[in-house]
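Asks: coordinates for the following, if possible.
(one chain, ligands or ions: 1)
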Amino acid sequence: MPEIWVLRLGHRKSRDKRVSTHVGLVARAFGASGIIFSGEYDNQLLESLKKVVEKWGGPFQIIHEQNWKRVIKEKKNLGYLIVHLTMYGLNLPMIINEIRHKFYEERKNLLVIIGAEKVPGVVYELADYNVAIGNQPHSEVAALAVFLDWLFEGRELEREFKNAKLKIIPCKKGKKILKLSDNL
Ligand code: SAM
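Replies: Numbers count the residues shown, from 1 in each chain. Next up, the predicted model:
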């Protein structure tokens, strides 16, 4: 299957710690191969997400890259489709079939961009698709989750993670956790 990378623009260490962590958690849990954080370098953010991968499995890569324009241009040169999530874009139901076709049939990798603060105008130009998850303001966490869920049509929820130390056994009540390693 082609890859999906998420590019999180404009992380601010003091303001965005929680939201950026949640963006990383959603990217991993909903089927992306990795996330690139741009903006302020935040070692705590990167380490906390790496710990989640160690415990709950992957593969999932976590990277910081200050030069987000270079990331977009490099991915574009590698043939990735650039999808920018923005409330100003074409609404998801209008465009998801086309993106899904390019992903599954044309085997196109995706770079999914989400913002924090005001997104620079050039991102709208560099994107192949500016996609709205409804044309109302909400959250990058919600936008990413809904986009990935519509792309995968729910299949991401059944994904198995590799090298996990812990695995949840779904149950009707209570909590069942399988310990797959003593090294916790
Ligand atoms: N005011 C900012 C701007 O001008 O782009 C938006 C800030 S919003 C809290 C942060 C990010 O959430 C946006 O950059 C976008 O990626 C995402 N987002 C928020 N609402 C969205 C929507 N309806 N559709 C798609 N993405 C959305």
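Asks: by residue count, which helix of the protein is the longest?
Replies: Assignment by DSSP state H gives helix 13-29 as the longest helix of the chain.
Asks: could you pull up the mean pLDDT of it?
Replies: Helix 13-29 shows a mean pLDDT of 97.
Asks: how distant is it from the center of its chain?
Replies: In terms of CA atoms, centre = their mean, to the nearest Å, the centre of helix 13-29 is set 10 Å apart from its chain centre.
Asks: buried ones in it?
Replies: Residues of helix 13-29 classed as buried by neighbour count (16 or more other CB atoms under 10 Å): Asp16, Val19, Ser20, Thr21, His22, Val23, Gly24, Leu25, Val26, Ala27, Arg28, Ala29. The C-beta positions use only the backbone N, C-alpha and C, and glycine is treated the same way.
Asks: find the nearest non-adjacent residue to Ile62, please.
Replies: Excluding its sequence neighbours, the residue lying closest to Ile62 (CB to CB, 6 or more residues apart in numbering) is Leu49, at 4.8 Å.
Asks: if I look at Leu151, how far off is Glu54?
Replies: Applying CB to CB, to the nearest Å, the value for Leu151 to Glu54 is 27 Å.
Asks: now for the longest helix of the chain, which elements pack on it?
Replies: strand 4-11, strand 34-39, helix 43-56, helix 140-152 (3 or more CB pairs under 8 Å, 6 or more residues apart in numbering; DSSP states H and E).
Asks: that helix close to the ligand?
Replies: No: using CB under 6 Å from any ligand atom, helix 13-29 never reaches the ligand; the gap is at least 8.2 Å.
Asks: mind listing what the residue of the chain found nearest the ligand touches?
Replies: Nearest residue of the chain to the ligand (CB to the nearest ligand atom) works out as Gly115 at 2.4 Å. Residues in contact with Gly115, defined by CB atoms under 8 Å, 6 or more residues apart in numbering, are Leu9, Gly10, Thr86, Val123, Glu140.
Asks: quick check, nearest of those residues to Lys167?
Replies: Glu140 (28.2 Å; CB to CB).
Asks: wait, what's in contact with the closest one?
Replies: Glu140 neighbours (CB under 8 Å, 6+ apart): Arg8, Val19, Val23, Leu85, Ile114, Gly115, Ala116.
Asks: is it possible to get CSV of those residues that adds distance to Pro170?
Replies: Output for the contacts of Glu140, formatted as CSV (distance: CB to CB, whole Å):
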residue, distance to Pro170
Arg8, 30
Val19, 28
Val23, 25
Leu85, 30
Ile114, 29
Gly115, 34
Ala116, 34
